[in-house]
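# Okay, predicted coordinates and the sequence, questions at the end:
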Amino acid sequence: MDRNFLSWVKTGISIIVFGIISEKFVIFVEGLDAFFSLTQKKSLSFARILITSSVTGSIMLVVGTAIIFLAGIRYKNVNKMIKQGQYTIPNYLTCFTAMAVLIISTVLIYNLYKSL
């Protein structure tokens, strides 16, 4: 059970790190825009990517933190169920993670498609 808790914490940390990388991508794209002095149309396309990347990164930071918080609650509840001899598999953390990743991926793919 401890390994399961640590796996969820590792997942949360990975999502947080990906959110930080997404935030740092904004700096990279701004540097490209300044270096190449892109046309107005391409500059607007980059602006859309910057906003999406920044918002997505912030959302991923919140989602990663929420996963770590929910993993702690799940760990406590599972310990209590084991001590009472009534263990059932809680699925809320798996569903939350799957839905969050699905929504974030869909938004990123849509915005990437729109910027091309």
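Nice, thanks for sending it over.

# Now do the same contact list for the residue nearest the centre of the chain.
Taking C-alpha atoms, centre = their mean, the centroid of the chain lies closest to M60, which sits 2.9 Å from it. By C-beta atoms under 8 Å, 6 or more residues apart in numbering, the contact set of M60 is 15-16, 18-19, 22, 104. C-beta: built from backbone N, CA, C; applies to glycine.

# So which of the residues you listed is surrounded by the most neighbours?
I15 (24 neighbours; other C-beta atoms under 10 Å).

# Give me the pLDDT for that residue.
What the model reports as pLDDT for I15 is 88.

# any idea which helix or strand carries it?
I15 is part of helix 2-36, with elements assigned from DSSP states H and E.

# could you say what helices and strands that helix packs with?
Applying 3 or more C-beta pairs under 8 Å, 6 or more residues apart in numbering; DSSP states H and E, one finds that helix 2-36 contacts helix 40-84.

# so how far is I67 from the closest residue to the residue nearest to the centre of the chain other than its chain neighbours?
Distance criterion C-beta to C-beta, 6 or more residues apart in numbering; nearest residue to M60, sequence neighbours excluded, is G19 at 3.0 Å. From G19 over to I67 the distance is 12 Å, taken as C-beta to C-beta, to the nearest Å.
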